[in-house]
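Participant: Sharing a model that was predicted from the sequence below.
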2 protein chains.
Amino acid sequence: MAKQTERIKHACSRCSLADLCLPYGLDLDEIAQLESNVSPSHDVAGDALLFDQGESFQALYAVSAGSFKTSVLDADGLEQIMGFYYAGDLLGLDGLADKTHQCTALAIEHSQVCRLPFDQIENLMTRLPALRNQLMRLMSRELTDDEQQLLTLGRKNSEGRMASLLIGLSRRRATRGLDASRVSLNMKRADLANYLGMRMETVSRVLNKLQSDGLLHGTRREVTIADSAALSARAGSAAWIADQ
Amino acid sequence: MAKQTERIKHACSRCSLADLCLPYGLDLDEIAQLESNVSPSHDVAGDALLFDQGESFQALYAVSAGSFKTSVLDADGLEQIMGFYYAGDLLGLDGLADKTHQCTALAIEHSQVCRLPFDQIENLMTRLPALRNQLMRLMSRELTDDEQQLLTLGRKNSEGRMASLLIGLSRRRATRGLDASRVSLNMKRADLANYLGMRMETVSRVLNKLQSDGLLHGTRREVTIADSAALSARAGSAAWIADQ
DNA sequence: CGATTGTTTGAGGAATATCAATATGTGTGG
DNA sequence: CCACACATATTGATATTCCTCAAACAATCG
């Protein structure tokens, strides 16, 4: 048992569950309480659902390997990709408040997740205010991300949107200690296009342009950022400036 | 003192603080605890800041009269209007997690707000799990609203966006027991345009079209929805269907 | 290796931004 | 209460971006 806890602690130290358990005033005993509730990595096949919109909330998931996309289906049947998640990201917070998942999470490729079951969470949240605060902070960060994306969709042209996404993914890799110049574009072009609010033909053309302008190079599935300053500049230059 | 509590209880019963205090298993004593911490309505002048992005979080505010807009400024200096808030709406949740406001709230007109100071909230949240859950639920609803708006900006044309906004505002009025066919468009056209990710000239033209098509009529500052079914239909018809 | 699925390229057109001019509304001092 | 000035909103003509449709191309899987 002690051995298992040790193993989990090690696994968690590299992902956002670390962010979730460790820094905010939890003592060793509390950390152990939390970690003993996390079931270690298990597999999710490519194209398999992790959870589905409307389904009852069962657990929080931390991606330990692979990648996921989340999407929502609205009343009119329109689908919007909400985000892409890589190793170290936390999935399922959307279901915490209403005990029902508000979006669908699907594995882009063969992946692995750790699992923190719901029934433990409620309990832990009451016992550990620090954990409660950290969960709120993570929810709040999702809100900030959404707002950033609203700004991107509302104010930027196709090039700016693509550049913003690449910069964002690059930053997230940097915070995980990975090579920030290399970004995985594992998802289908259609999903990328959906996420960015444009058509896949446009995605293709924009990536081409960035490439021939020398800001990027790489393959279909992974690009390398050659000039990150120039890329940031294009992400920052809006399609238009708001009136007034 | 009893008289004041009574007055506040009455005032709250019409706004989302009611939603916040009353329904989720709080007993009378707990409600009284919460209400005695809410300072009653005070004035906010038109064009005055309620709180500013980056400022430390001091309190939650419930709009009791008037209207507000919230906006974020990103690193590149681009501004995005995040939402419009009317009587009964709750403002400031964005600051709860990090104790820092993530957006700016500005009064569109002379308004009034009730105030729930921060130092009480932390305390109350630990004592009353039901309150904690309700606050999480409200945060989660903001997330859902943002996601809905992402879908609107990503998938709909200008007519669909405008129709979606009008339907949304109308629904919110309905939940407050107000006339759902009448919608206030108190904000500047430029703010409306910013929120919808288009230019104010386009806002103007789209409103004109909806009006001449007989779905709407009204003045510059307030419109009446003449055919809400047809308006919903236009809100639902996307600019395009996602690939795949 | 053929079938299927996913991606890129090209030509044309529709939606919407831009620019410029006009109109309407709002507040202030006479 | 009017008239002027300034802010806000509408209208019109043109330009541009990006979507649409169609076809070729590349990758993936049995």
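Facilitator: Thanks, I have it.
Participant: Pull the residues that contact the helix or strand harbouring A:Leu124.
Facilitator: Taking DSSP states H and E as the definition, one finds A:Leu124 inside helix A:118-127. Defining contact as C-beta atoms under 8 Å, 6 or more residues apart in numbering or on different chains, one finds that helix A:118-127 is touched by A:33-34, A:37, A:57-60, A:96, A:99, A:131-132, A:135, B:129, B:132. Bear in mind the C-beta positions are built from the backbone N, C-alpha and C, glycine included.
Participant: Likewise for stretch A:224-244?
Facilitator: A:155-157, A:159-160, A:163-164, A:166-167, A:170, A:180-183, A:210, A:213-218, B:75-76, B:78-80, B:188, B:190, B:193-194, B:199-200.
Participant: Name the residues of it that are buried.
Facilitator: A:Ile225, A:Ala226, A:Ala230, A:Leu231, A:Ser232, A:Arg234, A:Ala235, A:Gly236, A:Ala238, A:Ala242 (16 or more other C-beta atoms under 10 Å in any protein chain shown).
Participant: if you skip the residues just before and after it, what's nearest to the spatially most central residue of chain A?
Facilitator: The residue lying closest to the centre of chain A (C-alpha atoms, centre = their mean) is A:Tyr85, at 3.2 Å. Excluding the flanking residues, the one nearest A:Tyr85 by C-beta to C-beta, 6 or more residues apart in numbering or on different chains is A:Phe68, at 4.4 Å.
Participant: May I ask you to confirm that the one you found belongs to a strand?
Facilitator: Yes: under DSSP: H, G, I helix; E, B strand; the rest coil, A:Phe68 sits within a strand.
Participant: Nearest residue to A:Lys99 in space, ignoring adjacent ones along the chain?
Facilitator: Nearest one to A:Lys99, counting by C-beta to C-beta, 6+ apart, is A:Phe57 at 4.7 Å.
Participant: Next one: that neighbour relative to DNA strand D, how far apart?
Facilitator: Separation of A:Phe57 from DNA strand D (C-beta to the nearest atom of the strand, to the nearest Å): 31 Å.
Participant: Pretty sure that residue sits against A:Thr100.
Facilitator: Yes: counting by C-beta atoms under 8 Å, A:Phe57 touches A:Thr100, with 6.0 Å between them.
Participant: Who has more neighbours out of those two?
Facilitator: A:Phe57 (19 against 14; other C-beta atoms under 10 Å in any protein chain shown).
Participant: Compute the inter-axis angle for the helix or strand A:Glu142 falls within and helix A:118-127.
Facilitator: Under the criterion of DSSP H and E, A:Glu142 resides in helix A:129-155. In terms of direction (axes from the mean of the first three to the mean of the last three C-alpha atoms, to 10 degrees), helix A:129-155 departs from helix A:118-127 by 110 degrees.
Participant: average pLDDT for helix A:129-155?
Facilitator: Helix A:129-155 carries an average pLDDT of 88.
Participant: hmm, it in reach of chain B?
Facilitator: Yes: Helix A:129-155 comes into contact with chain B (C-beta under 8 Å from any C-beta of the partner chain), by way of A:129, A:132-133, A:136-137, A:139-144, A:146-151, A:153-155.
Participant: Against which helices or strands is that helix packed?
Facilitator: helix A:16-21, helix A:28-35, helix A:118-127, helix A:158-175, strand B:79-86, helix B:129-155, helix B:189-196 (3 or more C-beta pairs under 8 Å, 6 or more residues apart in numbering or on different chains; DSSP states H and E).
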